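Student: Any chance you can model this:
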Amino acid sequence: MGGLFKAGERMAEAVKLPRDVFPGDLLISLIGREEVLIENYRSILLYTDSVLCVQGKNCRLKVCGRSLRIAYYTSDAMKVNGMIQKVELDA
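Tutor: The predicted model follows:
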């Protein structure tokens, strides 16, 4: 399957499409210090009012802060509100 993904990535580059057209990588959008949008996650590993950990295809994302709250989530996207202090990626 890795070869198929690489082929899709090369095809996206050849036709000048952004990488996020082909799913797989985590997409993280920070809006100020009070909101983060996370797309293409696989599962929620840990959720408290100070830490959120999610599993991506190739890495884990950790969001640390105060009063963290999941505003909404679907099978592949979520919005988190609160005072975001740190965002970490672990391979």
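Student: Toward the C-terminus, what is the element adjacent to the worst-scoring helix or strand of the chain on mean pLDDT?
Tutor: Least confident helix or strand, the chain: helix 2-14 with a mean of 58, by mean pLDDT, DSSP states H and E. Under the assignment DSSP states H and E, the closest C-terminal helix or strand after helix 2-14 is strand 27-31.
Student: report the angle between the axes of the next helix or strand after that next one and strand 27-31?
Tutor: The helix or strand immediately downstream of strand 27-31 is strand 35-39, counting by DSSP H and E. Between strand 35-39 and strand 27-31, the angle comes out at 170 degrees (axes from the mean of the first three to the mean of the last three Cα atoms, to 10 degrees).
Student: Okay, buried residues for strand 35-39 please.
Tutor: 36, 38-39 (16 or more other Cβ atoms under 10 Å). No exception for glycine: its C-beta is placed from N, CA and C like everyone else's.
Student: quick one: average confidence on that strand?
Tutor: Across strand 35-39, the average pLDDT comes to 97.
Student: low-confidence ranges in the chain?
Tutor: Residues of the chain meeting the criterion pLDDT under 70: 1-23.
Student: could you redo the last one with a cut-off of 80?
Tutor: Scanning the chain for pLDDT under 80 picks out 1-24.
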